[in-house]
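Asks: I'll drop the sequence and a predicted model, then ask my questions.
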Amino acid sequence: MKKSFLFVVFFSLSSSAWASGIKVRDADTIVVSGTPVRLQGVDAPELNTRAGKEARRWMVNYLSDRNVECSLSGERSYDRYIGVCFADGHDIGAEVIAAGHALDCQRYSGGRYSHLETPAARSRIRRAKYCR
């Protein structure tokens with residue numbers, strides 16, 4: 001039986017990458033009250049790329065002054081819990097993909113974000129092999 005649980009945290013994020021218990025590691029991983037959360041189904045560029053740095057900057061700005069709530073699946077990837085997070089009720093994964101800073105990772109999303117991918121992101125961001 002697969003366990004799932006709800007992890008809910010309400011904090012605000014300032015313009016820095018760390019504030020009020022939330023840290024943005026990159027565009028697909030945030031740390032909420034000390035708990036690293038990998039955004040399920042989101043394929044964001046690595047931080048060692050220009051696109052990755054821009055995506056992280058976008059995420060920090062997007063989460064600024066928003067309440068964050070995460071629903072964790074109970075699964076883990078390295079040190080991170082896998083989950084879907086919401087900022088003021090909006091799916092953060094959907095927002096970062098629609099903004100052109102990440103791609104849908106169909107292997108883990110079931111394709112729920114594929115319609116949100118932008119043509120610019122498809123041409124600029126290399127899809128991770130594990131998402132194909």
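Replies: Alright, I've got the coordinates.

Asks: tell me what the longest strand seen in the chain is packed against?
Replies: Looking across the chain with DSSP state E, the single longest strand is strand 68-77. Strand 68-77 sits against strand 5-7, strand 29-32, strand 35-39, strand 80-87, with contacts defined as 3 or more Cβ pairs under 8 Å, 6 or more residues apart in numbering; DSSP states H and E. Yep, even glycine has a C-beta here, placed from its N, CA and C like the rest.

Asks: buried residues in the helix ranked longest in the chain?
Replies: Longest helix in the chain by number of residues, with DSSP state H as the criterion: helix 50-63. When neighbours are counted by 16 or more other Cβ atoms under 10 Å, the buried residues of helix 50-63 are found to be 51-52, 55-56, 58-60, 62-63.

Asks: Next, format those residues as CSV and append pLDDT and distance to residue 39.
Replies: What follows is these, written out as CSV (pLDDT from 0 to 100; distance: Cβ to Cβ, whole Å):
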residue, pLDDT, distance to residue 39
51, 96, 16
52, 96, 14
55, 97, 12
56, 97, 13
58, 96, 13
59, 95, 10
60, 93, 14
62, 93, 12
63, 92, 12
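
Asks: What does the pLDDT read for the residue nearest the centre of the chain?
Replies: Ranked by distance to the mean C-alpha position of the chain (Cα atoms, centre = their mean), the top residue is residue 28 at 3.2 Å. As predicted, residue 28 sits at a pLDDT of 96.
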